[in-house]
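S.K.: what's the 3D shape of this:
(chains A and B)
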Amino acid sequence: EPEVTQTPSHQVTQMGQEVILRCVPISNHLYFYWYRQILGQKVEFLVSFYNNEISEKSEIFDDQFSVERPDGSNFTLKIRSTKLEDSAMYFCASRDSLSSYNEQFFGPGTRLTVL
Amino acid sequence: GQQLNQSPQSMFIQEGEDVSMNCTSSSIFNTWLWYKQDPGEGPVLLIALYKAGELTSNGRLTAQFGITRKDSFLNISASIPSDVGIYFCAGPKNYGQNFVFGPGTRLSVLP
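M.R.: Sure, this is the predicted structure:
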């Protein structure tokens, strides 16, 4: 069964460093998302991406964050200068079309630890 | 803004028991989704509900979209150890692609 994959599974970085989290959405999917989950808390929406541009973003997704689809398969989240409070699980999700509007499939996540 | 509340926050049940949990909102949602998250994993979609009053089953799971469109419940029948995890309700915020998630119900199943 097709699935969303994410790398790395765990990333440790120093405060102020840049990190890039990578995702490979399901191959025929057109809509891509990033969510984060701070330890013990609920899942929070960051950004949605369609047709090579951001379609929606939350107040969490400030200028420190950016997303990119550098090729036909990868979808990345970049945090320019990490802060301690960026430590969280980051989940990528994808869906194929409006006919499956709400069926977003999530990857296993990347645990980001900022020291 | 739109927020989701879930109850109970956590529950401990004996294997074989039925479970019921619910999700409420102060504002209307046009879709309700139920996800399960295992430790260290991403959320997995269990059931999606699209119409007020809709009752949908997926194996031992049954979920209903409340008539007022402000609530939903999830039932699990004859619980088994692999039902352990956190169950989240979610819905699209302001009819957009931005999903809002509830805080989750943590389920523990005792043998």
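S.K.: got the phi/psi numbers for the closest residue to B:Gly53 other than its chain neighbours?
M.R.: The shortest distance from B:Gly53 to any non-neighbouring residue, by CB to CB, 6 or more residues apart in numbering or on different chains, is to B:Ile67 (5.3 Å). C-betas here are computed from N, CA, C, even on glycine. For B:Ile67, the backbone dihedrals are phi -60, psi -40 (criterion: degrees, to the nearest 10).
S.K.: count of residues packed around the residue nearest to A:Ser9 when sequence neighbours are not counted?
M.R.: Once flanking residues are discounted, A:Ser9 sits nearest to A:Thr110: 6.3 Å by CB to CB, 6+ apart. Here the count is done by other CB atoms under 10 Å in any protein chain shown, and A:Thr110 has 22 residues near it.
S.K.: Tell me if I'm right that A:Thr110 and A:Met89 touch.
M.R.: Yes: in terms of CB atoms under 8 Å, A:Thr110 counts as a neighbour of A:Met89; the distance is 7.1 Å.
S.K.: picking that back up, for the residue nearest to A:Ser9, give its distance to chain B.
M.R.: A:Thr110 sits 10 Å away from chain B, going by CB to the nearest CB, to the nearest Å.
S.K.: which residues pair with that residue across the strands?
M.R.: Residues found in beta-bridge contact with A:Thr110 (criterion: DSSP bridges) are A:Tyr90.
S.K.: which residues in the chain form strands?
M.R.: Because you didn't say which chain, this covers chain A. Remark: strands assigned in chain A by DSSP state E are A:5-7, A:10-13, A:19-24, A:31-37, A:44-50, A:53-57, A:65-68, A:75-79, A:88-95, A:105-106, A:110-114.
S.K.: oops, chain B please
M.R.: Assigned by DSSP E, the strands in chain B fall at B:4-7, B:10-14, B:19-25, B:32-37, B:44-49, B:55-58, B:61-65, B:71-76, B:85-92, B:99-101, B:105-110.
S.K.: These: which one's closest to chain A?
M.R.: Closest to chain A of those is strand B:99-101 (CB to the nearest CB; 4.2 Å).
S.K.: Buried residues, that closest one. List them.
M.R.: Applying a neighbour-count criterion of 16 or more other CB atoms under 10 Å in any protein chain shown, the buried positions in strand B:99-101 are B:Phe99, B:Val100, B:Phe101.
S.K.: Pull out whichever of these are also neighbours of chain A.
M.R.: Cross-checking the buried residues of strand B:99-101 against chain A (CB under 8 Å from any CB of the partner chain) gives B:Phe99, B:Val100, B:Phe101 as the overlapping residues.
S.K.: I'd assumed B:Lys93 was in contact with the first one.
M.R.: Yes: because the distance of 6.7 Å satisfies CB under 8 Å, B:Phe99 is recorded as touching B:Lys93.
S.K.: Show me the shaky parts of the chain.
M.R.: Went with chain A since none was named. A:98-102 (pLDDT under 70).
S.K.: was after chain B, sorry
M.R.: Using pLDDT under 70 as the threshold, the predicted model of chain B has low-confidence ranges B:1, B:94-97.
S.K.: Any chance you could note which residues of it sit beside chain A?
M.R.: When proximity is defined by CB under 8 Å from any CB, chain B lies next to chain A at B:31, B:33, B:35, B:37, B:40-45, B:48, B:50, B:88, B:90, B:92-93, B:96-104.
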